[in-house]
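# quick one: sequence and predicted model below, then my questions.
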Amino acid sequence: MNSNAIKSGFNWSHYNNPHVDSMIAKANFTADDAKRNAIYEQVCMQLRKDAMYLPMWDVNGPFTMTPAVKGVHTTLNGYLMFHSAPDVLAYILRRLAAAVPVVIGITIVAFLLIHLVPGDPAKSTCCWRCRCC
């Protein structure tokens, strides 16, 4: 809702409030998560006070997950997000580690099929038209 975003097209309502702009700028340069979230909460309260949005419906879907899921946090509006890069990196590494046995298994099955099936696979794919082999 920064008024600087009007020109770029991301402030579709053309909302312009210098106080909100200054709070957003202050939050963008605040390193402390708790302080930054408090500033963003003030921004949201100001937007609500200005009746910036008219909610047509509310998504109150419960989010459930197993206790094994770690590092997933919610945004101020309740959507799930990965909180930090190390959490995402750990998730990617776990997925890659799970993929390694699958790739090895597929390779072994393909190797066995090629070597246990009678005939030469190269000849069967090369010479089926011309019958030169």
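Received it, and whenever you're ready, just let me know what you need. Numbering: from 1, shown residues only.
# number of nearby residues for Asn4?
Neighbours of Asn4 under the rule other Cβ atoms under 10 Å: 12. In this view, the C-beta of every residue, glycine as well, is placed from N, C-alpha and C.
# which one is it nearest to, not counting chain neighbours?
With sequence-adjacent residues excluded and distances taken as Cβ to Cβ, 6 or more residues apart in numbering, Asn4 is closest to Asp21, at 7.1 Å.
# for the one you found, grab phi and psi.
Phi and psi for Asp21, reported as degrees, to the nearest 10, are phi -60, psi -40.
# if I look at it, how far off is Asp33?
22 Å (Cβ to Cβ, to the nearest Å).
# the more surrounded of these two?
For the pair Asp21 and Asp33, the greater number of neighbours falls to Asp21 (17 against 9), based on other Cβ under 10 Å.
# quick one: contacts for the more buried one?
Contacts of Asp21 were listed using Cβ atoms under 8 Å, 6 or more residues apart in numbering, and they are Asn2, Ser3, Asn4.
# what is the nearest of those residues to Pro86?
Asn2 (29.0 Å; Cβ to Cβ).
# can you give me the buried ones in stretch 80-98?
For stretch 80-98, burial by neighbour count (16 or more other Cβ atoms under 10 Å) applies to no residue.
# can you offset everything so residue one is 41?
Renumbered: residue one is now 41, and that last one reads stretch 120-138.
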